[in-house]
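Engineer: here is my input; please provide its structure:
(one chain, ligands or ions: 2)
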Amino acid sequence: MSHFLRVRDLQKGEIRRLFARAAQLKRRRREGHLEDSLAGKTVVLLMEKASTRTRLSFAAAAFQLGGHAIELSAGTSQLARGEPRVISGYADAVVMRTTADARLEEFVRWSSVPVINGLTDGGHPVQVLTDLFTVEESIGAVAGKRIAFVGDGSGNMARSFLEAALLLDFTLQLGAPPAFRPPAGEAQAAGRHLEVTGDPRAAVAGADVVVTDVWTSMGQEAEAAARLKAFQGFTVDAALMSAARPGAIVLHCLPAHRGEEITDEVLEGPQSRVFEEAENRMHVQKALLEHVILGGVADIIEA
Ligand code: CP
Ligand code: NVA
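Structural biologist: Numbering: from 1, shown residues only. Ligands and ions are numbered 1, 2, ... in the order given. Below is the predicted model:
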């Protein structure tokens, strides 16, 4: 059974096939084709934290492939008791968004259907997969590229990017204050694919892609004031972008705190691919749902 809990749960070749299928599904939707690869399949979305994109993009993905999605959120369900064996009886795949990675892993232990990580404290692999698809769509192969991540280097987005750097052979130029760096073991595992600095300008120097994320992630609200202070100078604004390669693109998983980690001007500007990135969540996750439910993406050879 293929779960997708972290970026490295996919092999390089599987990611290539997934991206090819996502691009095909995106094009076919634009052309008005209807798909039925997940006809009769049910995806259960277990949301223990707030979400707009993840809920909508997975639900739309399942529906547009001929299946459907049912969402349970904390507070309206008995998720706290953990009912993975029961849910497995109804679902063909589960997308779970939760707090600690251990909570996701405990769910997986009892699940007999594939589970996809819809964000945990330790990673946001579906988002990073989509971000890399968006990079390739916009500026070509990620291999050999320089991707700057500016801001919270200890957060779920930075940690999933770090994992992807090793797997897909790009350099992650991380610009983060010393107290907000990835766990040492994860940084070590990335080897030469990670370059770390406390200077945001040095981080974006020569970068093909500049990525940022909120300074205060869900669950860290009590630290918001201290984080706001710690990340002063790490805003992705026009001045910082001038240190990146001309034509560098900007990504942000959203939701953004405009004026904090990124300015309105950059988010809405010509280098931003943020809204393509958001839409691409659905296309990439369609391919991912096929991968975990069907044991591989549906045939990419068109009839
Ligand atoms: N980027 C992302 O995962 O957005 P949501 O929190 O709205 O799902
Ligand atoms: N790092 C953010 C990402 C939101 C999609 C959070 O965990 O809140």
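Engineer: centre-most residue in this structure?
Structural biologist: residue 127 (1.2 Å; C-alpha atoms, centre = their mean).
Engineer: does the helix or strand containing it reach ligand 1?
Structural biologist: According to DSSP states H and E, residue 127 maps onto helix 125-139. Yes: counting by C-beta under 6 Å from any ligand atom, ligand 1 is contacted by helix 125-139 at residue 127. C-beta coordinates here come from the backbone N, C-alpha and C atoms, glycine included.
Engineer: show me what from the stretch 201-303 of the chain comes close to ligand 2.
Structural biologist: Residues of the stretch 201-303 of the chain lying near ligand 2 (C-beta under 6 Å from any ligand atom): 213-214, 217-218, 253.
Engineer: returning to what we had before: can you pull the contacts of the closest residue to the residue nearest to the centre of the chain other than its chain neighbours?
Structural biologist: Counting by C-beta to C-beta, 6 or more residues apart in numbering, residue 127 lies nearest to residue 253, which is 4.7 Å off, once chain neighbours are set aside. Contact analysis of residue 253 by C-beta atoms under 8 Å, 6 or more residues apart in numbering lists 53, 124, 127, 131, 157, 213, 277.
Engineer: nearest to residue 169 among the residues you listed?
Structural biologist: Set against residue 169, the nearest of the contacts of residue 253 by C-beta to C-beta is residue 131 (15.6 Å).
Engineer: what about the longest helix in this structure?
Structural biologist: helix 274-294 (DSSP state H).
Engineer: any idea how far that one is from the chain center?
Structural biologist: 10 Å (C-alpha atoms, centre = their mean, to the nearest Å).
Engineer: got the angle for it vs helix 125-139?
Structural biologist: With axes from the mean of the first three to the mean of the last three C-alpha atoms, to 10 degrees as the basis, helix 274-294 and helix 125-139 are set at 120 degrees to each other.
Engineer: picking up where we left off before, how about a markdown table for the residues of the stretch 201-303 of the chain next to ligand 2, with secondary structure added?
Structural biologist: Compiled in a markdown table, these are given as follows (DSSP: H, G, I helix; E, B strand; the rest coil):
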| residue | secondary structure |
| --- | --- |
| 213 | coil |
| 214 | coil |
| 217 | coil |
| 218 | coil |
| 253 | coil |
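Engineer: from residue 131, how far out is the residue nearest to residue 127?
Structural biologist: Per C-beta to C-beta, to the nearest Å, residue 253 is found 7 Å from residue 131.
Engineer: between the two, which contacts overlap?
Structural biologist: In contact with both residue 253 and residue 131: residue 277, using C-beta under 8 Å, 6+ apart.
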